[in-house]
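Peer 1: got a predicted structure plus its sequence, pasted below:
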Amino acid sequence: MRLNALTAISRTAHAKINLCLHVTGQRDDGYHLLDTIVTFAEIGDQLTFENGDGVSLEISGPEAEGLVANGSNLVIKAADALANVANEHRGAKIELCKNLPVSSGIGGGSADAAATLVGLNDLWTKEYDSDALSKIGLSLGADVPMCLHGKPLRASGIGEQLEPVSMPAFSMVLVNPRVGVSTPEIFKALVKRDNPPAPRCPDSDDLSEWVSWLSRQRNDLQSSAIALHPSIQTALDSLETCASLLARMSGSGATCFGLFENDAQAAATAETIADQHPDWWVVATRSIV
Ligand code: C5P
């Protein structure tokens, strides 16, 4: 809650990190079946919601460029979807401070939509439970239900069947080599769609157990993303050179993550990579448990 007005609500839309992402099949409607382990990072977009006439959106922040505040924005779509279901006419003034790069594989738009559903559910005192919000969320995008969950999980189906998972809080570095990636294009470029799912994952918060397990898993979108955008390989190489425990692409890219022993190593690595590639988006962060 912000202090300036009783009716203002603040939410963080946390970055979603696919620690592994196995593509296991394809549905008749074209959507792919996935088996993915996901965690969320402390870094995220910031949203505030206040009462307003109609639904309005203002976008600011370091990653705002190129985003439009109209009906094509997932925030507006989420607000409209909730208002429709709830038959709500009160409106809302929404501010979005965009810190996460767009079209970057870390679910920024989906997390914004999820934060909007939760924020407006509170602002409009609707009391929809998480199942109801998930159902609305899924109509906006396959990743929205997992962003509503916001904690470590395993997702299957097209990303909507969720199971909580125990894992440690990872010290991580996120690197985006500044290429916008089209998710449908990456799925379309897949050569193989019937890959094996991941085996049973650790049920513990032990870092080395998780790193060892994750290093045997994959992101099945990674090679087709690299083929289309070779700078993703350069981003992975930069993380590997800095002795990350594991470096992999998230989602359909282009953002890659590296896991580190501790926050100090992650911070030092972020500084080194940012020095070498001043045009890249590079942050040290921690995952949420
Ligand atoms: O659901 P969302 O709009 O985020 O997905 C964007 C696109 O990514 C879809 O239109 C589809 O082409 C592809 N996709 C997919 N299988 C998934 C998720 C997304 O093929 N499970």
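Peer 2: That came in fine, so what should we check first?

Peer 1: I'd say residue 148 and residue 121 touch.
Peer 2: No - checked against CB atoms under 8 Å, the pair residue 148 and residue 121 is beyond contact range at 10.3 Å. For every residue, glycine as well, the C-beta is placed using N, CA and C.

Peer 1: what parts of the protein come near the ligand?
Peer 2: Proximity of the chain to the ligand (CB under 6 Å from any ligand atom) is limited to residues 31, 32, 34, 141, 142, 143, 158, 159, 183, 184, 187.

Peer 1: out of those, which comes closest to residue 246?
Peer 2: When the residues of the chain next to the ligand are compared for distance to residue 246 (CB to CB), residue 34 wins out at 19.4 Å.

Peer 1: does the closest one touch residue 158 like I think?
Peer 2: Yes - between residue 34 and residue 158 there is a contact under CB under 8 Å: 6.5 Å.

Peer 1: restricted to strands, list the residues of the chain next to the ligand.
Peer 2: Among the residues of the chain next to the ligand, the residues falling in strands (DSSP state E) are 32, 34.

Peer 1: buried members of the residues of the chain next to the ligand into ChimeraX, please.
Peer 2: To isolate the buried ones among these in ChimeraX, judged by 16 or more other CB atoms under 10 Å, type:
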select :32,34,141,142,143,158,159,183,187
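
Peer 1: gap between residue 288 and residue 54?
Peer 2: To residue 54, residue 288 is 33 Å away according to CB to CB, to the nearest Å.

Peer 1: ok, those two, which is more surrounded?
Peer 2: residue 288 (17 against 11; other CB atoms under 10 Å).

Peer 1: who does the closest residue to the more buried one other than its chain neighbours form a beta bridge with?
Peer 2: Once flanking residues are discounted, residue 288 sits nearest to residue 40: 4.9 Å by CB to CB, 6 or more residues apart in numbering. Beta-bridge pairing for residue 40 (DSSP bridges): residue 16, residue 288.

Peer 1: what sits against residue 40?
Peer 2: Counting by CB atoms under 8 Å, 6 or more residues apart in numbering, residue 40 touches 14, 15, 16, 17, 147, 150, 151, 152, 287, 288.

Peer 1: how about the helices in the stretch 51-200 of the chain?
Peer 2: In the stretch 51-200 of the chain, the helices defined using DSSP state H, counting those that start in this stretch lie at 74-86, 108-123, 130-138, 144-149, 183-188.
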